[in-house]
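Novice: after the sequence you'll find the predicted model.
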Number of protein chains: 2
Amino acid sequence: MTLSRYPEGRLRADDFKIETGAIPEVAEGSFLVRNLVVSVDPMLRIFIDRKPLGISSMPSLPLGATIPGAAVGEVVESRHPDYQPGDIVEGRFGWQDHAVSNGQGVNRVPRGLGGVENALGIGGLPGFTAYIGLETAGGVKPGHTFLVSGAAGAVGSAVGSLIRARGGRAVGIVGGEDKRRYLLDEVGYDAVADRLSPDFHAQLAQALPNGANVYFDNVGGPLLAEMMPYVAFGGLVLICGLMSQYQDGGAGGDRDNLPSVLHAVMGKGIRIESFSQYGRDALRPAFEAEITDLLAKRSIKPLVHIVDGLERLPQAQIDLFENSTTGKVVVRVAEAGAR
Amino acid sequence: MTLSRYPEGRLRADDFKIETGAIPEVAEGSFLVRNLVVSVDPMLRIFIDRKPLGISSMPSLPLGATIPGAAVGEVVESRHPDYQPGDIVEGRFGWQDHAVSNGQGVNRVPRGLGGVENALGIGGLPGFTAYIGLETAGGVKPGHTFLVSGAAGAVGSAVGSLIRARGGRAVGIVGGEDKRRYLLDEVGYDAVADRLSPDFHAQLAQALPNGANVYFDNVGGPLLAEMMPYVAFGGLVLICGLMSQYQDGGAGGDRDNLPSVLHAVMGKGIRIESFSQYGRDALRPAFEAEITDLLAKRSIKPLVHIVDGLERLPQAQIDLFENSTTGKVVVRVAEAGAR
């Protein structure tokens, strides 16, 4: 699946194109992966933009290139000393059936994750993102409350699970009663406010009597400005994703939301920052140990939405924004062992 | 000088009122100060707002209360063991002739500052603000470039002087050629961009080939969004003041400037934070030592604009916003020793 044009505004199916080619040759030091499940992920939208995040120095993906999504696959041929046929690995193998890799950025899928699809959710990029975010926030401190936007998504449900497992208090923001119930009943959020409900602000005020010490934001845009009154003095706004901004070219709200955010930064000593997974590989073993342990104890019950067929990838990606699917969404492109 | 009404939008002279009363009694443990010079300061605008910074939990100043500005005065009567008549002290003595204090928040004016008015500028709140800001930014690191907005004001010129004295590189933003020349010739900025000039962005691009590691912002508003492209990867936006926002009730620009700022926070790993002087008194001796040393070596040549007469305080405060006076502005209300 390749990029046929740079998306303008909302994603369209014809931004993508299926192309068929020969299975790549495996050079010395490389191995061939047959993808099993491929990830769709809100942040992927950035990487296929003509100007990613509006930053001129960030190169855009060339038209015709394979969409660089994460995937879990099986090694089917190897000229790399560390990888053998049958190994199950995760990496940015792209939206395709087969990929060649030299091992860079590749993780072995740990045992104890359950289905391989979990290596793209709680045990993969979204889970590791949640983990690094909590690390950046200084961990889960006793008595601290986290507010999480986009809480029913792959990262939001992972961060809620981790906060709960570590004894913290998590308050989620979602759109819709079904997602609210899922987070309360399955993920274990302490409270969830539905932003589509007329008493959204009353729900927040009740859930956050002392404000949020950390606002873990997956959404950005005007919602961030709306949430600043709920962030406590000395609190942290941690930018994890900007779901609401990926498709609108930065148009934002119908007023300037920057001044009120800066007032809160100054008046309440609130810090705004982001974080990155890059260069944090040293934390990966601790992350995998925590997640497999929580899965074994059934403290995390991951929800993965599986769509079948490579050709369904564009629509699954579009649905992330249009219908904001609950839990992690992956597309299955092959059955394990079904060579 | 008291608050006669909460200002709506731009300050007006009749937001203030002169009132005459008896000189206060000095209780045991207190002392009486006769003010010599009184400070006008952009941030004072916050404290006289009906809703300071829009934060509902921050109490507003009661109507009829004395404007709580900083001042330097002479102790004229004391029932406090640590203060004797003739001592020159600085504190939030307010916009008035005489004030009674119990010593809380009071600083002795150090020797070596030159005129007492410097205790309201480079040696007082603006200088200490610049000092704490640099401390918050992690000091002046070799090879790091600071971008400073409102650079010709009391804080902006203090921070430029300190960066230069510590061997750092400072780039200023001002409005007007006279201020630009002042910063280059007198304060020692390495480069200054004039935001009223048509080639403002070309000036910035030339002055910041590798971007700014710290944006020391005294202005806020749409200018902050405009400056984000000049902040380097991993840089810091340090909110020191929001001069452009104090009078407009948070209306801001004609578009939503928040999304592009969040893009930069996420895409370039930029941090946004503020800082406070409160609780940082332990740094005061080091600050005073650095400033008096720089003054003695003539490495800092502070510019203070002195206006005469208590009745001119409202107009001096208004002029800060309307004409953005260069350097520090104080109002002289009495001559030292002229009792």
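Specialist: All right, it came through fine.

Novice: what about the one residue in the stretch 1-150 of chain A that gets nearest to chain B, which SS state?
Specialist: Nearest residue of the stretch 1-150 of chain A to chain B, counting by C-beta to the nearest C-beta: residue A:53, 3.5 Å away. Backbone N, C-alpha and C define where each C-beta goes, glycine included. Taking DSSP: H, G, I helix; E, B strand; the rest coil as the rule, one finds residue A:53 in the helix state.

Novice: distance of residue A:167 relative to chain B?
Specialist: Taking C-beta to the nearest C-beta, to the nearest Å as the measure, residue A:167 falls 28 Å from chain B.

Novice: would you map the helices across the stretch 151-300 of chain A?
Specialist: Under the criterion DSSP state H, counting those that start in this stretch, the stretch 151-300 of chain A contains helices at A:154-165, A:177-182, A:200-207, A:221-227, A:258-267, A:284-296.

Novice: just name the most buried of those.
Specialist: Ranked by mean neighbour count under mean count of other C-beta atoms under 10 Å in any protein chain shown, the helices of the stretch 151-300 of chain A are led by helix A:154-165, which reaches a mean of 27.

Novice: show me what that one is packed up against.
Specialist: Counting contacts by 3 or more C-beta pairs under 8 Å, 6 or more residues apart in numbering or on different chains; DSSP states H and E, helix A:154-165 packs against helix A:125-136, strand A:145-148, strand A:169-174, helix A:284-296, strand A:328-332.

Novice: and the angle for that helix with strand A:169-174?
Specialist: 160 degrees (axes from the mean of the first three to the mean of the last three C-alpha atoms, to 10 degrees).

Novice: what's helix A:154-165 in contact with?
Specialist: A:41, A:121-122, A:126-127, A:129-131, A:133-134, A:140, A:146, A:148-151, A:169-170, A:172, A:183, A:187-190, A:216, A:218, A:240-241, A:290, A:294, A:299-300, A:302-303, A:327-329 (C-beta atoms under 8 Å, 6 or more residues apart in numbering or on different chains).

Novice: now with 6 Å?
Specialist: A:121-122, A:126-127, A:129-130, A:134, A:140, A:146, A:148, A:150-151, A:170, A:187-189, A:216, A:218, A:294, A:299-300, A:328 (C-beta atoms under 6 Å, 6 or more residues apart in numbering or on different chains).

Novice: go on, stretch A:217-225?
Specialist: Residues outside stretch A:217-225 that contact it (C-beta under 6 Å, 6+ apart): A:149-150, A:155-156, A:239-245, A:252-253, A:257, A:260-261, B:259, B:262.

Novice: contacting residues around residue A:65?
Specialist: Neighbouring residues of residue A:65 by C-beta under 6 Å, 6+ apart: residue A:3.

Novice: outline the domain layout of chain A.
Specialist: Segmentation of chain A into domains, based on automatic domain parsing, reads A:2-121+A:302-332, A:125-274.

Novice: tell me the average confidence for the last one?
Specialist: Averaged across domain A:125-274, the pLDDT comes to 95.

Novice: first-to-last residue distance for it?
Specialist: Counting by C-alpha to C-alpha, to the nearest Å, you get 16 Å between the two ends of domain A:125-274.

Novice: same check, this time on stretch A:238-257
Specialist: OK, stretch A:238-257 end separation, C-alpha to C-alpha: 17 Å.

Novice: equivalent analysis for stretch A:62-78, please.
Specialist: End-to-end distance of stretch A:62-78: 28 Å, with C-alpha to C-alpha as the criterion.

Novice: list the buried residues of it.
Specialist: Of all the residues in stretch A:62-78, those buried under the rule 16 or more other C-beta atoms under 10 Å in any protein chain shown are A:66, A:67, A:69, A:70, A:71, A:72, A:73, A:74, A:75, A:76, A:77, A:78.

Novice: how about the contacts made by the closest residue to the second one other than its chain neighbours?
Specialist: Just to be clear, that refers to residue A:67. Computed as C-beta to C-beta, 6 or more residues apart in numbering or on different chains, the closest residue to residue A:67 that is not its neighbour in sequence is residue A:95, at 4.1 Å. Residues near residue A:95 by C-beta under 6 Å, 6+ apart: A:1, A:38, A:67, A:69, A:313.

Novice: narrow these to those in helices?
Specialist: Taking DSSP state H, the ones among the contacts of residue A:95 that sit in helices are residue A:313.

Novice: pLDDT added to the contacts of residue A:95, as a markdown table?
Specialist: Below are those laid out as a markdown table (pLDDT from 0 to 100):
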| residue | pLDDT |
| --- | --- |
| A:1 | 93 |
| A:38 | 97 |
| A:67 | 93 |
| A:69 | 93 |
| A:313 | 94 |
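
Novice: mind listing what residue A:94 touches?
Specialist: So residue A:94 contacts A:66, A:68 (C-beta under 6 Å, 6+ apart).

Novice: name the SS class of it, please.
Specialist: Secondary structure, three-state DSSP: residue A:94 is coil.

Novice: what about residue A:86, how many neighbours?
Specialist: A total of 11 residues lie near residue A:86 under the criterion other C-beta atoms under 10 Å in any protein chain shown.

Novice: Three-state assignment for it, please.
Specialist: coil.

Novice: how about the helices and strands packed on helix A:154-165, which one is nearest residue B:89?
Specialist: Set against residue B:89 and scored by C-beta to C-beta, the helices and strands packed on helix A:154-165 come closest in strand A:145-148, at 42.8 Å.

Novice: which neighbouring elements make contact with that closest one?
Specialist: Contacts defined by 3 or more C-beta pairs under 6 Å, 6 or more residues apart in numbering or on different chains; DSSP states H and E place strand A:145-148 against helix A:154-165, strand A:169-174, strand A:212-217.
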